[in-house]
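1. Sequence and predicted structure are below.
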Amino acid sequence: MCDTKTHAMDIPGEGTWLPGEPIHRLSIRVTIDDGFVVREIAVAMDDVPHPECPIAQAPMQKMIGCTMGPGWRHAIQTNLGGARGCTHLRELLFNMATIAFQTLPEGPLPDAIDGSPPHFVGQCLAWDVNGSVVRRHYPAFVGWQPKAAGN
């Protein structure tokens, strides 16, 4: 994450940042296993607005052993929420589960389960239930809508 401004920014007693100069430049590298369990996490805080900010790197290690899946956001909030961590690092971590899901090979496209399409159908433009990708791979779900509760 790189945060810049189009104008000069001054934080009294901390510094002045010129237009285009990074206020925050943060990165996270997470290593997961095939079960989406965090095995290693590395954080870099190359640019920060306050000298205290880098202290937030150490608590990130509490995410080791957590699983990117159901409960991921809760684990982040429990381990790094509030003054236990950095807002910006938490925001980056929230989305890493989605990115991680895309990196692990799944093999063939999954089958429908209990009359419902796989979870990703209808969740993006390419997998639109009225689109050509669904027509090619899941023709039974073209125009699909979930059943209303109670039906």
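-> Looks like it arrived, so ask away. Numbering: from 1, shown residues only.
2. Quick check: which ranges of the protein have low pLDDT?
-> Scanning the chain for pLDDT under 70 picks out the ranges 104-107, 148-151.
3. any chance you could map the strands in it?
-> Here the chain has its strands, by DSSP state E, at 2-3, 9-11, 15-17, 24-32, 38-47.
4. My guess is Val25 contacts Met1. True?
-> Quick fix: residue 25 is Arg, not Val. Yes. Contact criterion CB atoms under 8 Å: Arg25 and Met1 qualify, at 7.4 Å. (C-beta placed from N, C-alpha, C; glycine too.)
5. To Val142, which of the strands of the chain lies closest?
-> For Val142, the closest of the strands of the chain is strand 24-32, at 34.1 Å, according to CB to CB.
6. what helices or strands is that closest one leaning on?
-> strand 2-3, strand 38-47, helix 87-103 (3 or more CB pairs under 8 Å, 6 or more residues apart in numbering; DSSP states H and E).
7. If you count neighbours, what's buried in that strand?
-> Buried positions in strand 24-32, judged by neighbour count with 16 or more other CB atoms under 10 Å: His24, Leu26, Ile28, Val30, Ile32.
8. residue contacts, Gly35?
-> Thr67 (CB atoms under 8 Å, 6 or more residues apart in numbering).
9. The same query, at a cut-off of 6 Å, please.
-> Residues near Gly35 by CB atoms under 6 Å, 6 or more residues apart in numbering: none.
10. what does Asp33 give?
-> With contacts taken as CB under 6 Å, 6+ apart, Asp33 has the following neighbours: Arg39.
11. for the buried residues of strand 24-32, which one is nearest Ala58?
-> For those, the nearest to Ala58 is Ile28 (13.5 Å; CB to CB).
12. Would you mind measuring from the closest one to Leu92?
-> Noted for Ile28: a distance of 5 Å to Leu92, by CB to CB, to the nearest Å.
13. got TSV for the strands of the chain, with distance to Gln61 too?
-> As requested, these are exported to TSV (distance: least, CB to CB, whole Å):
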stretch	distance to Gln61
strand 2-3	24
strand 9-11	28
strand 15-17	28
strand 24-32	11
strand 38-47	6
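14. wait, which of the ones you listed is closest to Ser116?
-> That would be strand 24-32 among these, by CB to CB, at 26.8 Å.
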